[in-house]
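Quick one: sequence and predicted model below, then my questions.
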Amino acid sequence: MAQRASTASKKSPQVSPPVSPQVSPPVIKDLHERMVRIRLFETEAGKLMEAGKLPGFLHLYVGQEAVAAGVMTALRDDDQITSTHRGHGHAVAKGVGFRAMYSELYGRVTGACLGRGGSMHINDLTRGMLGANGIVGAGVPIAVGAAFAARYKGEDSVAVTFFGDGATNIGAWHEGANMAAILGLPVVFVCENNGYAEFTPQSAHMLITDVADRAAAYGMPSVIVDGMDAVAVHRAATEAVERARRGEGPMMIEAKTYRFFDHQGVKGLRHPYRSDEEVAEWKTRDPIDLIEARAVADGTATRAELDDVWQRTRDEIAEAIAYAESSPLPDPADLLLNVYSG
Amino acid sequence: MTTTTEAPAVASVPAARRLSYVKAFNEGLAQAMREDENVFVAGEDVAGYGGVFRMFDNLLDEFGPRRMIDTPISEAALVGLGVGAAARGLRPVVDLMFMDFIGVCLDQIVNQAAKMKYMFGGGLSVPLTITTASGAGLGAAAQHSQSLEAWLAHVPGLKVVMPSDAYTAKGLTVSAIRDNNPVVVMLNKVLLGSTSEVPEEIYGIPLGQAHTARHGSDVTVIALGRMVGEALAAAEELAAEGVEIEVIDPRTVQPLDTETMFASVRRTNRVLVVHEAVTFGGLGAEIAAQIQDVVFDYLDAPVLRIGAPFSPVPFSPVLEKAYVPDRARIAQGCRRLLERS
Ligand SMILES: Cc1ncc(C[n+]2csc(CCOP(=O)(O)OP(=O)(O)O)c2C)c(N)n1
């Protein structure tokens, strides 16, 4: 067989046409609000990190908001998600509270993990958020297990696993995909293809252009969407989720997207692994700008209404940060808390 | 090529320079690559980016993409690549970035790399070096902070080294690459920027030979990796109280140089073992047991161990600080040992 040369584009997204599928005004507003919440949560967290207030690592999600918002608006509260090292956006969109999240970033006892987990382990079982994950690809089989549990218990909830392009090179990803397919489980595989694994461009870590091709190897249908278009993501996710809920098995969505900040932190750029022009080009398709333009154009919302969302969110974030900063630190005497159950 | 040259004493090297731990590692690796054409490096973001900890800076420029290989995020395939290439006569250096990621590729390390020579009747060797960063202290939380040397030291066929400073980072790395066995080089994240005197020429530090980092007559402190520095700091504190502790740096935990430890115990009669890993099932248990087996009659007090509590590494700095042993706990341990007799 002839070798396939890599055609992975570093420049512009190869996406389905940016025609706007119709969704109702409340969904547009919901998508917008979730994206604004992620954007502000993240940019404030980035500032706190740069000010030296946060320990540990911070993998920011800015730029990819349309994916989390698009998928989460297709889910119910009892649907489960597994996330990645870049998990804040998923958590925020799934409804995890700002207080618990900022407190965790600060290492406070009021945090989502009682200060034990930090950025890469934020979870909220009451919201179906089964956790960010520091091990690339590890969340994939866990979502498969969550979906298995739902079916086993006769519930109709589904599980969604988020992962990057890079994660699909991990064995656990392939084993999880095959397991989900063969067991026909209600799992939606969501690839956030931002073109890079850390500092390695997609063309240097796989020879295919579309990660979605990998689904075919496991008999799993897939769809490619414009990951900057929240409406498109929402539509694809709704279809995949409904399909899974009907018992028709797993499906994969590949969302072509981009991260605006560095792999870790805000601007740790010490090696020009991608150009400023490339970043700027993607920023012209900022997912929040896109949905705002659309909302105003079709009369879904006025500019003032959209601004109000930003303002309300800003206020909520300021309050949550103040709460985190005034929260107590964990007590070292409780070092062994939660190592075991019961 | 595979003989390990004796390390020159630092003091005898003219115009000694100070180098950071990470630069010393990098220099040793570069020299080993120059020395042997069969040495190559593979790992995630090691070539173009130079490694997330700057371990591989500038190596792509010198050695090119044939010998510096960026791989996909596929640790099992990465270590397997190293095993196969080593079995065919190359000397791979594969990087696992964070030690915690060995969970993803443990089969290749434990069941393949470590056992191949033995199972195959000795017909081949696996001169594979695995580099990785271990340890807590950066707020990196439970999946990016572990010290898993006990897992690996337990596996016959593997060697495990834990550099405690820049000098040993270079010398142990060179020896690991020259060694004909799979060797895991556990660099410590917190030490990366720390400096010590490092000779410019290539040198190996013999694997399985402990170093007495400080001489003293009252207590023997056997410290692994980053704990060597903490023990030396504790020694300063104790010296002010008139207590002289001897600090032993095993450097290699598999094979483990127990003779140096026994000799020290015969002089001091008291032993404290300290490591960053959890105490339960840690190297401290092995070391304490061997000491009791061999030099029990010389002990004035039971061997004391200091390690982490039996918990994953916590995120919050206040908890992480309480979790990792430090100079204060080591000094306290020594005082307790002295009170016992
Ligand atoms: C098993 C494992 N290997 C390596 C890493 C280090 N690492 C963290 S994020 C990352 C890149 C992930 O790329 P991708 O899946 O595309 O997600 P993105 O960062 O682009 O969101 C790597 C290699 C890890 N955390 N876990």
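Looks like it came in fine. Computed from a prediction, not measured in an experiment: that's the story for all the values here. Residues are numbered from 1 along each chain as shown, chains lettered A, B, ... in the order given.

Confirm for me that A:P201 is in contact with A:R274.
Yes - counting by C-beta atoms under 8 Å, A:P201 touches A:R274, with 7.4 Å between them. Where you see a C-beta, it was placed from the backbone N, CA and C, and this is true even at glycine.

Next, A:E254: phi, psi?
Note on A:E254: backbone dihedrals following degrees, to the nearest 10 are phi -110, psi 120.

count of residues packed around the residue lying closest to B:G216 once chain neighbours are set aside?
Closest residue to B:G216 apart from its sequence neighbours, by C-beta to C-beta, 6 or more residues apart in numbering or on different chains: B:E244 at 3.6 Å. Counted by other C-beta atoms under 10 Å in any protein chain shown, the residues lying close to B:E244 total 15.

for B:E244, what are its contacts?
The contact partners of B:E244, by C-beta atoms under 8 Å, 6 or more residues apart in numbering or on different chains, come to B:215-218, B:235, B:238.

Can you give the contact residues for the one helix or strand B:L81 maps to?
Assigning secondary structure by DSSP states H and E places B:L81 in helix B:75-87. For helix B:75-87, the surrounding residues in contact (C-beta under 8 Å, 6+ apart) are A:170-171, B:40, B:42-44, B:71, B:92-94, B:96, B:101-102, B:104-105, B:107-109, B:112-113, B:116, B:124-128, B:130, B:182.

Check the residues you listed for burial and list the buried ones.
Buried members of these, scored by 16 or more other C-beta atoms under 10 Å in any protein chain shown, are A:170-171, B:40, B:42-44, B:71, B:92-94, B:96, B:101-102, B:104-105, B:108-109, B:112-113, B:116, B:125-128, B:130, B:182.

after the helix holding B:L81 comes which helix or strand?
Toward the C-terminus from helix B:75-87 - assigned by DSSP H and E - lies strand B:91-98.

Against which helices or strands is that following strand packed?
Applying 3 or more C-beta pairs under 8 Å, 6 or more residues apart in numbering or on different chains; DSSP states H and E, one finds that strand B:91-98 contacts strand B:39-43, helix B:75-87, strand B:129-134.

now those in CSV, with distance to the ligand and mean pLDDT?
As requested, the helices and strands packed on strand B:91-98 are arranged in CSV below (distance: least, C-beta to the nearest ligand atom, whole Å; pLDDT from 0 to 100):
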stretch, distance to the ligand, mean pLDDT
strand B:39-43, 10, 98
helix B:75-87, 6, 98
strand B:129-134, 11, 98
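
who wins for proximity to A:Y152 among the ones you listed?
Across the helices and strands packed on strand B:91-98, A:Y152 has its closest neighbour in helix B:75-87 (29.3 Å, C-beta to C-beta).

Just the buried positions in that closest one, please.
In terms of neighbour count (16+ other C-beta under 10 Å), helix B:75-87 has its buried residues at B:75-87.

Could you single out the nearest of these to B:H154?
Nearest member of the buried residues of helix B:75-87 to B:H154, counting by C-beta to C-beta, is B:V79, at 17.7 Å.

Would you mind measuring from the residue lying closest to that closest one once chain neighbours are set aside to B:A76?
What sits nearest to B:V79 in space, not counting adjacent residues and going by C-beta to C-beta, 6+ apart, is B:Q108, at 3.8 Å. For B:Q108, the distance to B:A76 equals 6 Å [C-beta to C-beta, to the nearest Å].

now B:E320
Spatial separation of B:E320 from B:A76 under the definition C-beta to C-beta is 30 Å.

cool, and A:M179?
For A:M179 relative to B:A76 (C-beta to C-beta), the value is 17 Å.

quick one: average pLDDT of stretch B:155-169?
Here the mean pLDDT over stretch B:155-169 is 98, rounded to a whole number.

what does stretch B:315-322 give?
Within the predicted structure, the mean pLDDT of stretch B:315-322 is 98.

And stretch B:103-112, by the same measure?
In this model, stretch B:103-112 has an average pLDDT of 98.

same deal with stretch B:218-235?
Along stretch B:218-235, the predicted confidence averages to a pLDDT of 98.

pull the CA atoms of that stretch into PDB?
Once non-C-alpha atoms are left out, stretch B:218-235 reads as follows in PDB (Å, rounded to 0.1, in the frame of the first residue of the first chain):
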ATOM      1  CA  ASP B 218      27.200   9.600  65.800                       C
ATOM      2  CA  VAL B 219      24.500   8.600  63.400                       C
ATOM      3  CA  THR B 220      24.500   7.200  59.900                       C
ATOM      4  CA  VAL B 221      21.900   8.800  57.700                       C
ATOM      5  CA  ILE B 222      21.300   6.900  54.400                       C
ATOM      6  CA  ALA B 223      19.500   9.300  52.100                       C
ATOM      7  CA  LEU B 224      18.100   8.800  48.600                       C
ATOM      8  CA  GLY B 225      18.100  11.400  45.800                       C
ATOM      9  CA  ARG B 226      16.900  14.800  46.900                       C
ATOM     10  CA  MET B 227      17.000  13.700  50.600                       C
ATOM     11  CA  VAL B 228      20.900  13.800  50.500                       C
ATOM     12  CA  GLY B 229      20.800  17.600  50.400                       C
ATOM     13  CA  GLU B 230      18.200  17.600  53.200                       C
ATOM     14  CA  ALA B 231      20.400  15.300  55.300                       C
ATOM     15  CA  LEU B 232      23.500  17.500  54.700                       C
ATOM     16  CA  ALA B 233      21.500  20.500  55.800                       C
ATOM     17  CA  ALA B 234      20.300  18.600  58.900                       C
ATOM     18  CA  ALA B 235      23.900  17.700  59.600                       C
END
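
for it, the distance to its chain's centre please.
On the basis of C-alpha atoms, centre = their mean, to the nearest Å, the separation between the geometric centre of stretch B:218-235 and that of its chain is 14 Å.

One more: stretch A:171-185?
The chain centroid and the centroid of stretch A:171-185 are separated by 20 Å under C-alpha atoms, centre = their mean.

now stretch B:112-128
Average the C-alpha atoms of stretch B:112-128, do the same for its chain, and the two points are 22 Å apart (C-alpha atoms, centre = their mean).

Quick one: residues in contact with that stretch.
Residues lying outside stretch B:112-128 but in contact with it, judged by C-beta under 8 Å, 6+ apart, are B:2, B:79-80, B:82-83, B:86-87, B:90-92, B:94, B:155-158, B:177, B:179-183.

what secondary structure does the residue nearest to B:V79 sit in?
The local conformation at B:Q108, judged by DSSP: H, G, I helix; E, B strand; the rest coil, is helix.

ditto for A:I253
For A:I253, the reduced secondary structure class is strand; criterion used: three-state DSSP.

pLDDT score for it?
At A:I253, the model reports a pLDDT of 98.

cool, and the one 4 residues further on?
pLDDT recorded at A:T257 is 98.

From A:L335, how far off is it?
Summarising the geometry, the distance separating A:T257 from A:L335, computed by C-beta to C-beta, is 40 Å.
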